[in-house]
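Novice: Just to be clear, the model below is a prediction. Sequence and coordinates:
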There are 2 protein chains.
Amino acid sequence: MEDFKHFVVALSAAAAAGVVSIILVLRWVLYYREGLAWDGGLAEFNWHPVLLISGFIFLNGVAIIVFRLPWTWRCSKLLMKFIHAGLNVAAFICATISFVAVFDFHNNAKIPNMYSLHSWLGLAALLLFSLQIVLGVIIYLIPITPTSWKAAFMPLHVFVGRFLFGSVIAVALMGITEKLIFGLSNPKYKDSPPEATFVNVLGVLLVAYGVAVLWISTRISWKRPNDLLLHTLHASGGGEDDSRVGPSLSQLSDKTDAEVCAEVRKRSNKLDDQTN
Amino acid sequence: MEDFKHFVVALSAAAAAGVVSIILVLRWVLYYREGLAWDGGLAEFNWHPVLLISGFIFLNGVAIIVFRLPWTWRCSKLLMKFIHAGLNVAAFICATISFVAVFDFHNNAKIPNMYSLHSWLGLAALLLFSLQIVLGVIIYLIPITPTSWKAAFMPLHVFVGRFLFGSVIAVALMGITEKLIFGLSNPKYKDSPPEATFVNVLGVLLVAYGVAVLWISTRISWKRPNDLLLHTLHASGGGEDDSRVGPSLSQLSDKTDAEVCAEVRKRSNKLDDQTN
């Protein structure tokens, strides 16, 4: 199955880039920098990049693609929604702790807070991310929300989710730039000491992780089959011509789950060309 | 027409954010900085942000959404492809000149080139953008390319196009961060002089322009009607069940162009929920 191989390659690339990014940021703070501690000093600041990359970026990326993992398609949609929400809440907690670390460090070192574009965009992303979680829980996890509201909000939820994921990576790249300029003095950043090259590579890997996650999350043929089924039925005219839904449903209802998935995949594979 | 109003609001937001960004970057270099010149000094460096924001970011953004402007739907698809390609080539030329400006400045000031993450990602984006233009011209403008190749390459072309647009904005934000740290000495960036706040606002506007362009370019119901027609026919089963295409085509062929567009829009409006 060509399409599945393509999916596994993209997923492996995302996993490799994400995991190596976490290893590199740990190596950065533990080997090149002051290590990790909660002492108000530079070792506390170091929680900022570690928690942002391993938490806000990596966990948020996993949350975005978790519905697309074929190994989860036997799980109920509700369970997957809870996993999606749980991963994002964990990402939010990591991000919040990382913000506390940097505010603590700034206050102890008498460095002003919130003066840089990095800090403006970072705080805006965190606030928008918390709003996204609250609205997502209210609309998709509390069972009283009308289905029409869920459907109407979904394009915005998906767009904002992907946009925030990309934005947080961009903000991290700005933070890396700031830290390398302020943190390297002899030799300076412009003299390309080993640490500078090492952390630049970390930045490139974060971009690679972002590309892979966004690629996986935007391929329609890799959607969770239940959604694809809905999509295919809808696209077959379900919205305006109910007579078309009957035969499609009855055709599919005689098949096993796996056959339904394969059928829906087949019927939806070519949509990518038109809907991207 | 609710959907059209929504489109006009998004387009107006994009236009406002884009145009104000260009005004602000000009104000930055002309009022706060050394102005513009081609003298190997700081005034030559200033072409770098000006050409990147007005060229690489603004023109590329226009190129991305140009197919979605309803006022262009009477123009032939080929003409629109040439406009799309022309805008991107203009963006590429602006970016290239802006790179020359910064290399010239660095060489004259004995500052090393290509040491920062900003420079790595910026050069990578420019190279990938040039590859995207070359492949785009070969595949979509040279009439010998088979239609199947065009369709197969389209998802990648669209994904890379959007990804590069977002990446260039991220790289610009990193560049703004670098410039404010290096360029502000007394008072420093951390002391929030008026220039720092002014340029931070420019950064926020670039993000706003990015959001608006990406929102417009990802709404399926705002696609150029010809594409929507193809999409709807395809989604109605054209790929696997030709019997369904006949009635759709015959129903549509009795109507005027405007009615066809309205019909196709109506039938495709709800796809956003499923395909994002």
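Specialist: Received it, and whenever you're ready, just let me know what you need. Numbers count the residues shown, from 1 in each chain, chains lettered A, B, ... in the order given.
Novice: ok, for the spatially most central residue of chain A, nearest residue in space, not its chain neighbours?
Specialist: Centroid-nearest residue in chain A, with CA atoms, centre = their mean: A:Gly61, separated by 2.4 Å. Leaving out its chain neighbours, the residue that sits closest to A:Gly61 by CB to CB, 6 or more residues apart in numbering or on different chains is A:Val213, at 4.2 Å. Quick note: C-beta positions are derived from backbone N, CA and C, even for glycine.
Novice: quick one: that neighbour and A:Gly166 touch, right?
Specialist: No: A:Val213 sits out of contact with A:Gly166 when judged by CB atoms under 8 Å, with a separation of 9.2 Å.
Novice: hmm, back to that, pLDDT score assigned to the residue nearest to the centre of chain A?
Specialist: For A:Gly61, the pLDDT comes out at 98.
Novice: contacting residues around it?
Specialist: When contacts are counted by CB atoms under 8 Å, 6 or more residues apart in numbering or on different chains, A:Gly61 is found next to A:Ala14, A:Gly18, A:Phe165, A:Tyr209, A:Gly210, A:Val213.
Novice: Pick the one among those closest to chain B.
Specialist: Nearest to chain B out of these is A:Gly210 (CB to the nearest CB; 8.4 Å).
Novice: okay, now that closest one: neighbour count?
Specialist: The local packing of A:Gly210 (other CB atoms under 10 Å in any protein chain shown) involves 27 other residues.
Novice: Please, which helix or strand holds it?
Specialist: Assigned by DSSP states H and E, A:Gly210 belongs to helix A:194-218.
Novice: got the buried residues for that helix?
Specialist: A:195-196, A:199-200, A:202-218 (16 or more other CB atoms under 10 Å in any protein chain shown).
Novice: now swap in stretch A:64-73 and tell me
Specialist: A:Ile64, A:Ile65, A:Val66, A:Phe67, A:Arg68, A:Leu69, A:Trp73.
Novice: Quickly note the distance from the fifth one to chain B.
Specialist: Here the criterion is CB to the nearest CB, to the nearest Å. By it, A:Arg68 lies 13 Å from chain B.
Novice: does that residue really touch A:Ser217, like I thought?
Specialist: Yes: checked against CB under 8 Å, the pair A:Arg68 and A:Ser217 is within contact range at 6.9 Å.
Novice: What is the least confident helix or strand in chain A?
Specialist: Sorted by mean pLDDT, DSSP states H and E, the helices and strands of chain A end with helix A:245-253, the least confident at a mean of 36.
Novice: Wait, a strand at A:Thr145?
Specialist: No: checked against DSSP: H, G, I helix; E, B strand; the rest coil, A:Thr145 lies outside a strand; its state is coil.
Novice: How many neighbouring residues does A:Phe105 have?
Specialist: Using other CB under 10 Å, the number of residues around A:Phe105 comes to 21.
Novice: Just list the residues touching it, thanks.
Specialist: A:Gly40, A:Gly41, A:Leu42, A:Glu44, A:Phe45, A:His48, A:Ile111.
Novice: So the third one is in contact with A:Arg33, correct?
Specialist: So the one you mean is A:Leu42. Yes: A:Leu42 is in contact with A:Arg33 according to CB under 8 Å; the separation is 6.9 Å.
Novice: so which helix or strand takes in the residue nearest to the centre of chain A?
Specialist: Using DSSP H and E, A:Gly61 sits in helix A:60-65.
Novice: Mind checking the pLDDT average for the helix or strand just after that helix?
Specialist: Using DSSP H and E, the helix or strand that follows helix A:60-65 towards the C-terminus is helix A:77-108. The average pLDDT for helix A:77-108 rounds to 97.
Novice: Quick one: distance of helix A:77-108 to the chain centre.
Specialist: 12 Å (CA atoms, centre = their mean, to the nearest Å).
Novice: and if you look at stretch A:103-122?
Specialist: That offset, for stretch A:103-122, works out to 25 Å (CA atoms, centre = their mean).
Novice: Now do the buried residues in that stretch.
Specialist: A:Asp104, A:Phe105, A:His106, A:Tyr115, A:Ser116, A:Leu117, A:His118, A:Ser119, A:Trp120, A:Leu121, A:Gly122.
Novice: Cross those against strands and list the overlap.
Specialist: With strands taken from DSSP state E, there is no overlap with those.
Novice: Just put the residues you listed in CSV and tack on distance to A:Leu141.
Specialist: Below are the buried residues of stretch A:103-122 laid out as CSV (distance: CB to CB, whole Å):
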residue, distance to A:Leu141
A:Asp104, 33
A:Phe105, 36
A:His106, 36
A:Tyr115, 38
A:Ser116, 36
A:Leu117, 34
A:His118, 33
A:Ser119, 32
A:Trp120, 31
A:Leu121, 28
A:Gly122, 27
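Novice: farthest pair in those residues?
Specialist: Within the buried residues of stretch A:103-122, A:Asp104 and A:Leu117 form the most distant pair, 21.4 Å apart (CB to CB).
Novice: roughly how far apart are the nearest residue to A:Ile93 once chain neighbours are set aside and chain B?
Specialist: Among residues not flanking A:Ile93 along the chain, A:Gly55 sits closest, at 7.3 Å (CB to CB, 6+ apart). Distance of A:Gly55 to chain B, given as CB to the nearest CB: 20 Å.
Novice: go on, A:Ile22?
Specialist: The gap separating A:Ile22 from chain B is 18 Å, by CB to the nearest CB.
Novice: Repeat that for A:Lys188.
Specialist: 9 Å.
Novice: ditto for A:Asp39
Specialist: 22 Å.
Novice: So that residue belongs to a helix, correct?
Specialist: No: applying three-state DSSP, one finds A:Asp39 to be coil, outside a helix.
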